[in-house]
Every structure is written in C-alpha cells, then in structure tokens.
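# can you look at this prediction? I've put the sequence above it.
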Amino acid sequence: MTFDDRMRLARAAEAAGDPDGAYHHYVHALEVDAARHEAWLGKARTAGLRTGWRVLPVDEITAAVAQAVERAPLGQRDALRCAGAALVRDLAVAHHERSRRHLQDYVSARGEWREHLGRCADAVRALEEAHRLDPANPVSLETTVAICVLQLEGVVYDDFGDYQIVTQRRHGITGGYEKELKAKIADCAAQLQVLRPGWVPPEVHVRELDPKSTCFVVTATVGRDHPDAVTLRRWRDEELGRSACGRALVRAYAQVGPLAAALVRRSRPLRRLSRALLIRPLATLLRRRR
C-alpha cells in the first residue's frame, strides 16, 4: 500500500471510533514515509486513545509530537507546536477525567486510590510536556494546578460494611507527596502570574471525615436519641472538635468505632456493660461539668 492509502485507512478508522486500528495504519504509513509530519501527529493522537483510560503513554505521545514538529515545513512549525500542545493537553485532561469517574464508582476498592494517584501523575507529566511545546499558553499550567489541588484535598466516602454499618473513610496522600504537589503548584503559580498578572491559586479544601455521619458504640448501645447519646455527641462536636488532639481522637475513633459497634449491637450483655461502665459514667461526668 502507498502512504496515501495508509493515511486514508487511518483517518477512516479514527472516524469510525477505532483508535487502535487507526494507530496501526499510521505506524504503517510511517514505515512507508517517515518524513510526513501528519502521520506522526496522527500516531500521537491515537496512541493516547488506544490504550484505554488506565494508561497514558506520555513518552510515546510526546516523542511522536516532537517528530511531527521536526518533520514539518519550517513555516508551519510554530503552529504545529501549538497544535501538538493542545493535543497532548486534551489527552491528559481526558485521561484524568476518566480516572476520576472510575474512582467514584470503585472508591472503596483496594488499591484504586493509589492507582488514581499514579494516573494523576501521568496526566501532570503530559501537561508539563504540553507547556514546553507552547509556553505562552497558560491553560496547561492552570490544569496542572487543578489536578494537584484535587489530590491534596483527598476523597471522603462511605464504606458499607457488615450489619449495614456505614463507616466514613478518607483517602489522602503522604507528607512527602504533599510537599511535592505544593512545590509544583508554587512553580506553576509563579509562571502563571507572569502570563496572567493577578492570577491567584485556588484554595485547597482538605476533605475531612464528618464524625456526625459515623455509627458509633453509643448509638449501638442506647440509641441515637437517648439523653446520654445527645450529651456525648455535644461533647464531641463542641469540645473535641475545637482542638487538634480532640480531632485526632475523633478520627481514630472513626476507624475503630464501627467494629466495636457491630460487636455491641449483636450482644445484649455487651450493651449492658457498655452502658454501665462507659456511657453512663462519662455522660454523667459531662453533665456535672456544665
């Protein structure tokens, strides 16, 4: 087949929604004539679509775009750099959005958050390459900041366990990775303030566990509306929530409380012991303090 034949097949496959077939036709077209920039750009575009949402082949995409720019006529190279940057940026954004949608469906599955962070890193790396191609365009920098902020904020979700107990949990990041993301945001912000004077980075709202949404031992023992339960919830919300140590205690309790509640709920002797030795004495002490 001639180069033009391969290109027609590649474009037809793209139009039909077959990026894998289109990719292979572009590759075969380049085997016929590696000097044609349009085939390199087609390879870059379909390389990012054929692998599915789990993988973004950043190195292959950016290498193909670089080849397209190098092979283009001199007068077209600046325009092709901008087009290549937009292509890489669009693939990165689509990759990140597909990963976020998947995480929403499988947020409680083991390893999904870690894999999502890896895909975020790939998207950010692609955006950095897009910015190198078109450094006067601020969109890649702004998108990088947005992806970094979402990772810093983390994800809070409801985990449904045995006995219909709903436990609120949080996916976060390590301290080292947090520093890395903040440094990246600061670097992008410095460049954005040159490109767009007055630009202000978005605020980071770290997702925190809501202790009011978690089922605890008190509710399992005496019920949600019992006066002792009301007293203990007020203590948690009005006093523990005001200090770092208190908030840490609430978060720790959110981890172990559901298991203890499950045990208490299934055993009448445990409910009696819990009320006599823990809940009633503590609630009485708190009421006397007021």
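Okay, I see it.
# name the residues that touch the host helix or strand of Arg114?
Of the helices and strands defined by DSSP states H and E, Arg114 is found in helix 112-133. Judged by C-beta atoms under 8 Å, 6 or more residues apart in numbering, the contacts made with helix 112-133 from elsewhere in the structure are 54-56, 58, 61-62, 65, 69, 81-82, 84-86, 88-89, 91-93, 95-96, 99-100, 102-103, 106-107, 137, 140-141, 143-144, 147-148, 150-151, 155, 171, 173, 177, 184. No exception for glycine: its C-beta is placed from N, CA and C like everyone else's.
# let's verify Ala136: helix, strand, or coil?
Per DSSP: H, G, I helix; E, B strand; the rest coil, the secondary structure class of Ala136 is coil.
# neighbours of it, how many?
The criterion is other C-beta atoms under 10 Å. On that basis, Ala136 has 8 neighbouring residues.
# residue contacts, it?
Contacts for Ala136 were tallied using C-beta under 8 Å, 6+ apart; they are Leu195.
# measure it to Glu238 for me?
To Glu238, Ala136 is 53 Å away according to C-beta to C-beta, to the nearest Å.
# same deal with Gln76?
Taken as C-beta to C-beta, the span from Gln76 to Glu238 is 67 Å.
# how about the helix or strand that contains Cys148: buried residues?
Taking DSSP H and E as the definition, one finds Cys148 inside helix 139-153. Neighbour-count burial for helix 139-153 flags 139-145, 147-153 (criterion: 16 or more other C-beta atoms under 10 Å).
# closest one of those residues to Pro202?
The nearest member of the buried residues of helix 139-153 to Pro202, counting by C-beta to C-beta, is Val149 at 5.6 Å.
# quick one: the closest one and Lys184 touch, right?
No. Taking C-beta atoms under 8 Å as the contact criterion, Val149 and Lys184 are not neighbours in contact, 10.4 Å apart.
# ok, back up a step: who's more crowded, Gln76 and Glu238?
Gln76 (13 against 9).
# contacts only, for that one.
When the contact criterion is C-beta under 8 Å, 6+ apart, the partners of Gln76 are His37.
# that one belongs to a strand, doesn't it?
No. When classified by three-state DSSP, Gln76 is found to be helix rather than part of a strand.
# measure it to Leu41 for me?
From Gln76 over to Leu41 (counting by C-beta to C-beta), the distance is 11 Å.
# repeat that for Arg242.
Distance from Arg242 to Leu41, counting by C-beta to C-beta: 58 Å.
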